[in-house]
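Q: Predicted model, plus sequence, below.
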There are 2 protein chains.
Amino acid sequence: MLTIGEVARRSGVKASTLRYYESLGVLPEPERVAGQRRYTAEVLRRLAVVDVVQRAGFSLEEIRDLVSAADEPASRRVRALADHKLPQIEALIDRAQAVHRWLQAASACECETFDACSLFDDRALRDDERLPVGRSALLRTGGSG
Amino acid sequence: MLTIGEVARRSGVKASTLRYYESLGVLPEPERVAGQRRYTAEVLRRLAVVDVVQRAGFSLEEIRDLVSAADEPASRRVRALADHKLPQIEALIDRAQAVHRWLQAASACECETFDACSLFDDRALRDDERLPVGRSALLRTGGSG
DNA sequence: GTCGACCTTCAAGTCGGCTGGAAGTCAAGG
DNA sequence: CCTTGACTTCCAGCCGACTTGAAGGTCGAC
């Protein structure tokens, strides 16, 4: 039986985050001793699952649905979610590549004003989503371990 | 001379957003008539620039620095920002591709439990950032025009 | 002279994924 | 008994890019 602090140390997930996950239903409510949470080692695997799936781009809400529905076999749920997310990630890759090409063109730009520069013409990157390259996508490292 | 509403209609950028951009310094303060903003057609090109650059993954803060510094030629600033962002977008593409491979594996998964499934083994996607596939990256469409 | 369309400012709310602090509980050790 | 330390709950705040709402100003048309 692990206290929340021990789980935090072993998983690298902060205690506050564990409580937050529980409040969302991403983690089940553990047994309690004198009001304090006591976890089985199982939770560590669960956290590894959450971590991996989160890195694959799923929200905590999707993850909750994935891990909390015990009626279907894991593989079916995993497959359903994966199939749902695959087109999205493909779109993301396409768009990221379009942005990459744009940045390369920009890097070679010699225009003196924005007005003169075809980089900013109306159709540039038009059908692409805004890529969240900065804060959310690239600045974090780490995870469970 | 365009009112804020006309600019909004022509550019597809809401009036509230135009004021917000102005408050950040992304747009310059326009002339006023009886307290109301009057824009020149120039602002439309500026908004197109903002839109394209934002789609390339830059924050409004970066964009403000790009468009408001009039001392250097446009090309130099564009190049500096592009060169700064290129490695980030390359990393994003690499990670998105790793996630793509993971999702394909997940789609073919036959495991009955999470415990049995190597998809969730510790090293899976370990060194990858969390890709913001959901909300910020893929759900929006639109832009200026 | 008042209606409606349009504009103004400022403050607060939204989304997701947390993080941090305040204030209280509880068991073990000196 | 008292301290220490780890736990508890609840709630505010953070990031970025906006959006929304309240309360009011300005204009032309009828």
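A: Received it, and whenever you're ready, just let me know what you need.
Q: Flag the shaky bits of chain A, pLDDT-wise.
A: A:122-145 (pLDDT under 70).
Q: So the longest helix along it, near chain B or not?
A: Among the segments of chain A that qualify as a helix by DSSP state H, the longest is helix A:74-107. Yes: applying CB under 8 Å from any CB of the partner chain, one finds helix A:74-107 in contact with chain B at A:74-75, A:78-79, A:81-83, A:85-86, A:88-93, A:96-97, A:99-100, A:102-104, A:106-107. Glycine gets a C-beta too; all of them are placed from N, C-alpha and C.
Q: so which helix or strand takes in the residue of chain A most remote from its centre?
A: Going by CA atoms, centre = their mean, the residue of chain A most distant from its centre is A:E112, 40.1 Å out. Element membership for A:E112 (DSSP states H and E) is empty, with no helix or strand holding it.
Q: nearest residue to it other than its sequence neighbours?
A: Spatial nearest neighbour of A:E112, chain neighbours left out: B:P73 (5.0 Å); criterion: CB to CB, 6 or more residues apart in numbering or on different chains.
Q: Near the one you found, how many other residues are there?
A: The number of residues packed near B:P73 is 14, by other CB atoms under 10 Å in any protein chain shown.
Q: Could you tell me which residues make contact with A:S107?
A: A:S107 sits next to B:79, B:82-83, B:86 when contact means CB atoms under 8 Å, 6 or more residues apart in numbering or on different chains.
Q: distance of it from B:L60?
A: For A:S107, the distance to B:L60 (CB to CB, to the nearest Å) stands at 21 Å.
Q: Same question for A:E31.
A: As judged by CB to CB, A:E31 and B:L60 stand 48 Å apart.
Q: again with A:L24
A: 30 Å.
Q: Tell me the residues of chain A that contact DNA strand C?
A: Taking CB under 7 Å from any atom of the strand, the part of chain A that reaches DNA strand C is made up of A:14, A:16-17, A:20, A:34-35, A:54, A:59-61.
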